[in-house]
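> The sequence and its predicted three-dimensional model are supplied below.
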Amino acid sequence: MESNKIREAFLEFFRSKEHEIVASAPMVVKNDPTLMFTNAGMNQFKDIFLGNTPRKFPRVADTQKCLRVSGKHNDLEEVGHDTYHHTMFEMLGNWSYGDYFKKEAIEWAWELLTEVYKLDKSRMYATVFEGSEEDGVAFDQEAYDYWKQFLPEDHIIRGNKKDNFWEMGETGPCGPCSEIHFDLRDEEEVAKIPGREMVNMSHPQVIEIWNLVFMQFNRKANGSLEPLPAKNVDTGMGFERLCMILQGKKSNYDTDVFQPTIARIAALSGKEYGKDEKCDVAMRVIADHLRAISFSIADGQLPANAKAGYVIRRILRRAVRYGYTYLGFNEPFICKLVAGLVAQMGHQFPELVAQQTLIERVIEEEEASFLRTLATGINLLDRVIRNSKDGKISGKDAFVLYDTYGFPIDLTELIAKEQGVEVDIEEFEKELQVQKERSRNAASQDIDDWQEVMAISESQFIGYDFLEADVRIARYRRVKSKNNTTYQLVFDQTPFYGNSGGQIGDIGYIESANEKIEVIATEKENGLIIHIVKQLPENPEATFRAVVNESARRRAANNHTATHLVDYALRKVLGTHVEQKGSMVGPMGLRFDFSHFQKVTAEELREVEREVNRLIRANYPLKENREATMAEAEAAGAIMLFGEKYGDKVRIVNFGPSTELCGGTHASATGNLGLFKITSESAISAGVRRIEATTGEGAEELIYGAQDMVSTLEQLVRNPKIVQAIEKMMESNDALSREIEEMRKEKVAAIADGLAKNTPLRGGVTLISHTAKYPTEVMKDLAFALRQKVERLVMVVGNLHEGKPTLNIMLTDNIVEMGVDAGAIVREAAKLINGGGGGQKHYATAGGKNPDGLQAAIDKATEMIMAIVKE
């Protein structure tokens with residue numbers, strides 16, 4: 001069965017069981033500080049499981065794109081080396097929210113696998129939870145009895161807490177699970193060792209394909225369990241593993257999910273898949289990573305140096321490294337694989353089709369950048385190897401290459417091994433662990449359980465219409481991080497906007513008859529609007545007046561409206577290819593990221609500014625529909641963002657010609673913005689530009705600042721015609737610079753003449769060996785001038801300029817021909833000034849940090865050179 005048909009059969013089966021089929025959520029997670037990426041099918045339904053959001057449908061099914069490369073679900077290093085681990089994978093799943101439970105989940109799983117997919121029943125095994133005395137949870141007799149209807153008892157295996165008790169995290173919904181495993185081994189192997197003995201033993205052909213989770217408990221912060229008010233079902237089946245079984249393969253990579261990409265990699269590299277294990281691993285790594293990178297970019301996450309962006313960059317660089325090391329790719333190649341992936345998966349995931357050009361360009365630039373990094377790293381590694389002692393590179397040096405220059409440790413090992421040098425991996429791992437510990441300590445938090453004050457179905461946001469309201473605390477919890485303790489409050493209703501959609505959350509205060517408490521931030525997490533305060537109210541059950549800081553909200557709302565106008569103006573000025581790729585708005589200004597493949601010119605930026613200000617002066621009123629359907633939004637021509645998961649009801653925001661879907665707060669009319677001014681335009685990655693700007697008072701201050709600067713310049717040049725005055729000064733400066741340069745050259749020539757004539761021969765050579773205090777450019781010019789004037793020159797000069805020591809060596813060709821290498825000698829001598837350097841055989845320089853060692857370095861270099869010359 002072809003992979004697309006396998007996916008369709010799953011969704012069609014559960015549609016027939018009255019499940020609502022929903023779209024995959026984006027792989028990049030927003031508004032959940034506990035997750036960077038969707039790593040399980042249930043992530044998009046987390047709010048429902050936590051009880052923060054009411055269910056829309058009692059039964060749901062989907063195929064969810066997932067990524068597991070960080071945290072406890074980190075399969076990155078296994079990817080490509082085995083047959084079944086992946087970074088990005090599809091999870092087929094079905095869910096029940098307080099509807100059906102174990103009986104139906106097990107019966108339907110069996111029906112789908114055996115009657116629709118026609119799997120061999122004799123090769124299937126099921127695990128059930130054996131129970132836990134520690135948690136007070138009994139053996140899952142109910143699941144066991146249901147499985148007995150379909151499987152012999154020796155195919156039903158009791159599993160421990162590690163394998164058969166699923167938990168969302170350290171706290172939250174959890175419960176026993178029942179895994180379905182399939183034995184793919186040949187008959188001979190099965191005859192030797194029964195499948196039941198290989199279940200959960202990490203055998204590549206006895207694998208888990210489906211996990212049925214029965215959520216019936218809530219794990220509290222103290223570790224205890226309490227029953228959930230409604231029992232839920234959460235199942236996940238690995239799509240790629242299922243394809244492997246149904247297509248009769250022994251590896252996920254041999255299925256039609258990966259083989260088309262592997263074939264393209266083989267063609268580009270000129271190597272045949274299946275002939276060399278290292279090349280095969282490289283092709284599998286690239287085929288896997290291509291999917292993870294492409295889907296992440298399509299969902300709005302670009303490679304970057306921090307957080308989720310860093311993870312994507314790391315995956316991409318791992319793929320480049322395998323291609324570079326084992327397949328001989330020295331120029332961008334992954335970008336050439338994107339079109340094939342889009343053709344293969346674009347039908348199910350249309351975001352790939354829509355974002356293909358951006359994906360290709362971002363990947364190409366990232367590849368080119370990392371290939372340059374590899375070239376630099378190899379040069380640095382060569383130096384480290386030359387300076388290594390006892391044929392061993394220290395773990396600290398290897399870690400500097402890894403951490404500072406992004407040079408992979410396994411590539412360091414590979415190159416070192418080729419040159420007969422070892423790497424101290426134990427010391428490297430210690431350095432890496434110290435860094436991880438620092439990061440962990442910086443990010444560690446101690447979060448208490450929610451304390452419920454009053455039961456609510458969900459907290460209502462009323463901030464579109466009100467900036468203050470009477471509220472009651474529904475729940476609260478304490479959060480400790482380092483030396484800071486804060487409290488998180490959830491109200492029954494709130495005028496405070498929670499940080500989301502690029503808009504920074506509100507600040508303000510809550511007040512009762514007895515106290516006033518500052519709200520220092522407002523976040524949005526798992527469907528809850530969370531108000532952060534430094535102290536807990538004395539009486540959490542009291543009624544409070546919640547008041548949003550009006551000035552901060554107004555300025556943030558104005559800046560948010562400006563992003564909509566900027567989006568419209570950019571599309572009008574640059575073209576309809578422009579798409580929003582991110583934004584950040586707050587009281588102080590706005591940031592808007594958008595797709596465009598070249599620098600925006602000054603003229604284009606001015607035109608964008610003019611268009612936005614024209615829209616402001618038109619004073620278009622805010623028109624909104626807070627309960628629109630997606631069909632209504634599409635009919636209205638509303639701009640939608642890729643990488644966003646929209647619900648059944650969306651909010652349409654309109655200002656004149658601008659219509660977008662948006663959940664943020666806005667000005668009541670564009671005229672409220674007053675004035676719009678761009679402060680900067682820059683590139684943030686391949687094909688993505690960033691505009692920073694401000695409105696209202698912020699724009700006024702920019703203009704005042706520019707006017708003040710003009711006034712200051714007028715006073716300095718004593719001429720109201722500033723441009724002409726500055727041009728005249730620059731012409732005069734250029735003329736003076738040329739005169740100074742001529743004088744410098746004359747002085748250098750005179751010094752060189754004096755040294756050439758007055759330095760006595762020593763051992764048949766003109767040896768110039770002393771200290772000096774010349775500017776760097778003078779020192780270099782002097783060295784080359786001497787080389788032209790002296791027949792047999794050995795120049796070793798230690799220069800101290802502005803407190804910085806440098807060692808300079810210049811040799812004539814006849815000295816080099818004797819076997820003297822200035823680059824090698826300067827590297828050795830530079831150790832005495834705590835520095836390093838290099839260069840060519842005839843000329844080399846080194847800088848250092850220890851001026852006191854400069855004379856010793858000169859003596860060392862001179863001694864080494866003269867020892868060779870005398871021979």
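Cool, the structure landed.
> Let me see the contact set for residue 570.
578, 594, 596, 608, 691 (CB atoms under 8 Å, 6 or more residues apart in numbering). Placement of C-beta: from N, CA and C, glycine included.
> can you give me the strands for the stretch 201-350 of the chain?
Counting by DSSP state E, counting those that start in this stretch, the segments of the stretch 201-350 of the chain that form strands are 206-219, 225-238.
> So for the first one, mean pLDDT?
Think strand 206-219. Confidence over strand 206-219 (mean pLDDT, whole number) is 94.
> Dump that strand to CSV, keeping only the CA atoms.
Output of strand 206-219 as CSV, limited to C-alpha atoms (Å, rounded to 0.1, in the frame of the first residue of the first chain):
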residue,chain,number,x,y,z
VAL,A,206,10.3,-5.9,16.8
ILE,A,207,8.9,-2.4,17.1
GLU,A,208,6.1,-0.5,18.7
ILE,A,209,3.7,0.9,16.1
TRP,A,210,0.8,2.2,18.2
ASN,A,211,0.4,3.5,21.7
LEU,A,212,-3.1,3.7,23.3
VAL,A,213,-3.0,6.1,26.3
PHE,A,214,-5.8,6.0,28.8
MET,A,215,-5.7,9.3,30.6
GLN,A,216,-7.4,8.9,33.9
PHE,A,217,-5.1,10.7,36.4
ASN,A,218,-3.5,14.0,37.1
ARG,A,219,0.0,14.1,38.5
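> Adjacent strands (with direction) for that strand?
strand 172-183 (antiparallel), strand 225-238 (antiparallel) (DSSP bridges).
> so can I have JSON lines of those strands showing distance to residue 49?
Output for the strands paired with strand 206-219, formatted as JSON lines (distance: least, CB to CB, whole Å):
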{"stretch": "strand 172-183", "distance to residue 49": "5"}
{"stretch": "strand 225-238", "distance to residue 49": "6"}
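> Quick test: name the residue nearest the centre of the chain.
Nearest residue to the geometric centre of the chain (CA atoms, centre = their mean): residue 309, 1.5 Å.
> contacting residues for that residue?
Counted by CB under 8 Å, 6+ apart, residue 309 has contacts 301-303.
> Closest one of those to residue 59?
Nearest to residue 59 among the contacts of residue 309: residue 301, at 30.7 Å, using CB to CB.
> Leaving out the residues flanking it, which one is nearest to that closest one?
Using CB to CB, 6 or more residues apart in numbering and skipping the chain neighbours, the partner closest in space to residue 301 is residue 28 (4.2 Å).
> where does the one you found land on pLDDT?
87.
> got the phi/psi numbers for it?
Main-chain dihedrals, residue 28, degrees, to the nearest 10: phi -90, psi 120.
> and it, how many neighbours does it have?
22 (other CB atoms under 10 Å).
> Verify the contact between it and residue 298 for me.
No. Applying CB atoms under 8 Å as the test, residue 28 and residue 298 come out as separate, 9.4 Å apart.
> longest helix of this structure?
helix 722-758 (DSSP state H).
> so what does that helix touch, helix or strand wise?
If you count contacts as 3 or more CB pairs under 8 Å, 6 or more residues apart in numbering; DSSP states H and E, helix 722-758 packs onto helix 696-717, helix 776-789.
> JSON lines please, covering the ones you listed and showing distance to residue 547.
Listed next are the helices and strands packed on helix 722-758 as JSON lines, based on distance: least, CB to CB, whole Å:
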{"stretch": "helix 696-717", "distance to residue 547": "22"}
{"stretch": "helix 776-789", "distance to residue 547": "61"}
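> Ok, which of those comes nearest residue 557?
Judging these by CB to CB, what sits closest to residue 557 is helix 696-717, at 10.7 Å.
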